[in-house]
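> Mind looking at a prediction? Sequence and model below.
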Amino acid sequence: MSDLILKAEGLKKTYTSGPQAVTVWEGVDLEVYAGDSVAIVGASGSGKTSLLNVLGGLDTVDAGEVQICGQKLSALSEQQVTQLRNQDVGFVYQFHHLLPEFSALENVMMPLLLGGMSRQQAKVQASESLARLKLKERIDHKPAELSGGERQRTAIARALVTRPKLVMMDEPTGNLDQGTAAEVEALMAELRTEVDTAFITVTHDQSLAKRMNRVYVLTDGRLQLSD
Ligand SMILES: Nc1ncnc2c1ncn2[C@@H]1O[C@H](COP(=O)(O)OP(=O)(O)OP(=O)(O)O)[C@@H](O)[C@H]1O
């Protein structure tokens, strides 16, 4: 059996707005192994993004526990969670979260520099990653000077450039044409083979979901394995 990269047990998420507490989901269990790929699908508002945020340590839960690479997130300080995320987890968010004052190249170099890589090597590696996603001619552009799809590809390059153990993606191919979406999937496959990266992907794209090892559906506040 491959290494267990992520283990979630008994997760529950509640939002309070005003006097009302609303449970988004509960009793959520999930295990993701090295080289694994998992899709999470579900209707708008079913809690997919909230779940991804919790699994990646960006948000807390009301009950349950998330472990990444054997470490319980609740037992770590905020600084340790940030460090674990920088080292082992790549994120592709729905709204990209690129740093507006930096170029595409600098945005992709950032996680490598945070990991202690030299500027020169980070530049080489980030350039390669951007070139793979057909952004060679755009590396000096700032996010505001990129199209929506180009911003998305930059965010994907940034998430994958460190070759992390776990990648969380929220609608990774939503804005992309078929050719570019296929290139993103080829990059994912390469990382799975070469470094056993595990992927958790939230998507409305049924065909992308079907190409993952397992598909889970968030429905009525529960995460269920789909057949
Ligand atoms: N910070 C918050 N405060 C209160 N309610 C929230 C908050 N964030 C999300 N919610 C609510 O939790 C529910 C789940 O939201 P979430 O964004 O996780 O859904 P989703 O399945 O990703 O939706 P979509 O497919 O539309 O992106 C929604 O009903 C939303 O209104």
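Arrived safely.
> Show me which residues of the helix or strand bottoming out on mean pLDDT in the chain are buried.
Within the chain, no helix or strand scores below helix 178-195, which has a mean of 84 by mean pLDDT, DSSP states H and E. Buried residues in helix 178-195, counted by 16 or more other CB atoms under 10 Å: 180-181, 183-184, 187-188, 191-192. Heads up, the C-betas are built off the backbone N, CA and C, glycines and all.
> so what does it touch, helix or strand wise?
In terms of contacts (3 or more CB pairs under 8 Å, 6 or more residues apart in numbering; DSSP states H and E), helix 178-195 is packed against helix 148-160, strand 198-202.
> So which of these is nearest the ligand?
When the helices and strands packed on helix 178-195 are compared by CB to the nearest ligand atom, strand 198-202 sits nearest the ligand, at 6.6 Å.
> Can you name the residues bridging to the residue nearest to the spatial centre of the chain?
The C-alpha lying nearest the average C-alpha coordinate of the chain belongs to residue 168 (CA atoms, centre = their mean; 1.8 Å). Assessed by DSSP bridges, residue 168 has beta-bridge partners residue 91, residue 200.
> so who does it touch?
Residues in contact with residue 168, defined by CB atoms under 8 Å, 6 or more residues apart in numbering, are 52, 55-56, 89-92, 200-201.
> Can you report how many residues lie near the residue lying closest to residue 10 once chain neighbours are set aside?
Excluding its sequence neighbours, the residue lying closest to residue 10 (CB to CB, 6 or more residues apart in numbering) is residue 64, at 3.8 Å. Per other CB atoms under 10 Å, the neighbour tally for residue 64 reads 17.
> Was I right to think residue 64 contacts residue 14?
No - between residue 64 and residue 14 there is no contact under CB atoms under 8 Å: 11.7 Å.
> which neighbours do those two share?
Shared contacts of residue 64 and residue 14, defined by CB under 8 Å, 6+ apart, are absent.
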